[in-house]
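>>> Structure of the sequence below:
(one chain, ligands or ions: 1)
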Amino acid sequence: MNTLDKGFDTKLIHAGAFEEPYGSATVPIYQTSTFKFKSAQHGADCFSGKSDGYIYTRIGNPTIKALERNIAELEGGFDGIATSSGMGAVSSVYMALLGAGAHIVSADAVYGPARGILETDFSRFNVEATFVNTSRIENIKAAIRPNTKVLYIETPANPTMEMTDIAACAKLAKEHNLILVVDNTFCSPYLQKPLALGADVVLHSVTKFINGHADIVGGVIVTKNEELYKKIRHSMVYLGCNMDPTQAFMVLRGVKTLSIRIERAQENAMKVAEFLSKHPKVAWIKYPGLPSYPQYELAKKQMNGFGSMMSFGLKGGYEAGRKMMDHVHLALLAVSLGGVETLIQHPASMTHAGISKENKLAAGITDDLIRFSVGIEDINDIIEDLKHALEAV
Ligand code: LCS
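Next up, the predicted model:
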C-alpha cells in the first residue's frame, strides 16, 4: 500500500510493508545472509545498480528495507539506513560526513559515546570537534570555523533535558554550509520532526522509543535527500554495522504502537512531574511540560507533546540519589529509556561516574540529578513507588 499520503498512525502500521506471495499480514523475516541471482546477467545488474535485487544482507535485505522505509516515512525523509545499534548510526554518520581536517560542532551534553568516539578515535584521523551548550545559538555561532562540516545536536539532551532550537540551527547551518544532524532518540518522530524543521539527517537509537519494549538494540538514520542517503549507506555497509533481519522485524512490531505508547507515557509523565514538583525533598525538576521549565515555549513550538523523559534533583545531593536508587521497587534501576517500563538512574554514580567532576558540571550533570523515563504502568503505582523511595532519602 502506498502510505505516503496517509496519516502518521496509518504509516506506523503499514509504511514499508510490501506485497509478498503468501499475503502475510506482517513483514516476514528474511533470515538469510545472501540472495540467489537468477542468472549471471541478473547478478551483474544487481551489482551495477541496473536491478534493485538483493545481493547480501550487509548491503540490504527485504525485512530491513521495510523498517528503513517505515522510519523514513515517519520522519518525512528520502530513505532510511538501519544499523546494529544507535552507536552504529552515529558512527556511520560521522564516517560519511567527516574526514581528515574536518571539524564538527556538537553538544556538550551529547550522548557520552557519541562524544567519546570523536575525542578518542576520530581525533586519531585528524578530525576536530568542539562541544558547546547548543541550547544557546550564540555558542554554536562562536564555535563554527572555516573547516566546520557538521553541526550535531540532540534535543532534549540526555540527561539534562536542555532543548536546542532545531529551526534556528538549520538556518545557521545553511548560512555556513554545514550538514545539520539531529539525534531524535529522545522524541521519536511522533513528538518531533527535525527534517521538517530544516535538518539534513536524523538518527535514532531505536533501542528506545521506536522499538519501545527494551528487548533489542538498534539504530536508524534518515536523510532528507538521495545524495546524503548514498553517502551514509556506503559508510554503513563498509563499516559493517547493518541491522539483522530479526532485529528489524522486532522493531517493525514495536513501532506500530509508538503513538499510543507515547500518549500514555506522557500522560503519566505529566502527573509524575506535578507530583515531584511539589515534593519537599525535590530541589528542582526539568520536564518540558511544566510551565516552570525554562524552555517551555520552545517545547510547545518544536515538539508535538512533552514526552516521558525528565530529570530532577534531590535536596540531599549525591548520597540521597544513591539512597533513592536502592529504594525503588517498580521502576527498574537501569540505563536506557523510552520503553513501556519505568526506568530510573543516577548519572553521577552510574553512567557518568567515570567523568571528571569538572566535565560533568560543564555538561550540566550535577551530583543530585536523577533521570527518570516514565513508562505506561498504572500511574498510581508509579507515584506510590516514588513516594516510598523518597521517604527513605
Ligand atoms: N543517542 C542517544 C540520545 C542515546 O540515548 C543513546 C543510548 C544512543 C544514541 C546510542 O544508542 P545505542 O547504541 O545504545 O542503541 N542511550 C543510552 C542511555 O541513555 N542509557 O543507556 C544507553
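>>> how much space between the residue in the stretch 201-350 of the chain positioned nearest to the ligand and Ser92?
Residue nearest to the ligand within the stretch 201-350 of the chain (C-beta to the nearest ligand atom): Ser205, separated by 3.0 Å. Just so you know, the C-beta spots here come from the backbone N, C-alpha and C atoms, and that holds for glycine as well. Counting by C-beta to C-beta, to the nearest Å, the gap from Ser205 to Ser92 is 13 Å.
>>> just to revisit the earlier point, check contacts around the closest residue to the residue of the stretch 201-350 of the chain closest to the ligand other than its chain neighbours.
Leaving out its chain neighbours, the residue that sits closest to Ser205 by C-beta to C-beta, 6 or more residues apart in numbering is Gly86, at 2.5 Å. Residues near Gly86 by C-beta atoms under 8 Å, 6 or more residues apart in numbering: 111, 185, 203-208, 217-219.
>>> now do 10 Å
111, 113-114, 183, 185, 203-208, 217-221 (C-beta atoms under 10 Å, 6 or more residues apart in numbering).
>>> same question, Val201
77, 81, 89, 93, 96-97, 150, 152, 179-183, 194-195, 221-225, 228-229, 231-232.
>>> Report the buried members of the residues you listed.
Buried by 16 or more other C-beta atoms under 10 Å: 77, 81, 89, 93, 96-97, 150, 152, 179-183, 194-195, 221-224, 228-229, 231-232, out of the contacts of Val201.
>>> Among those, which ones are in helices?
Among these, the members falling in helices (DSSP state H) are 89, 93, 96-97, 228-229, 231-232.
>>> Tell me which residue is most central in the chain.
Thr185 (1.6 Å; C-alpha atoms, centre = their mean).
>>> Spatially nearest residue to that one, not counting backbone neighbours?
According to C-beta to C-beta, 6+ apart, the nearest residue to Thr185 is Ser205 (4.6 Å).
>>> where's the one you found relative to Gly354, distance?
To Gly354, Ser205 is 20 Å away according to C-beta to C-beta.
>>> what do you get for Gly339?
In this view, Gly339 and Gly354 are 25 Å apart by C-beta to C-beta.
>>> before we move on, what about Gly112?
Counting by C-beta to C-beta, the separation of Gly112 from Gly354 is 9 Å.
>>> between those two, who's got more neighbours?
A direct count of neighbours by other C-beta atoms under 10 Å for Gly112 and Gly354 places Gly112 higher, at 16 against 8.
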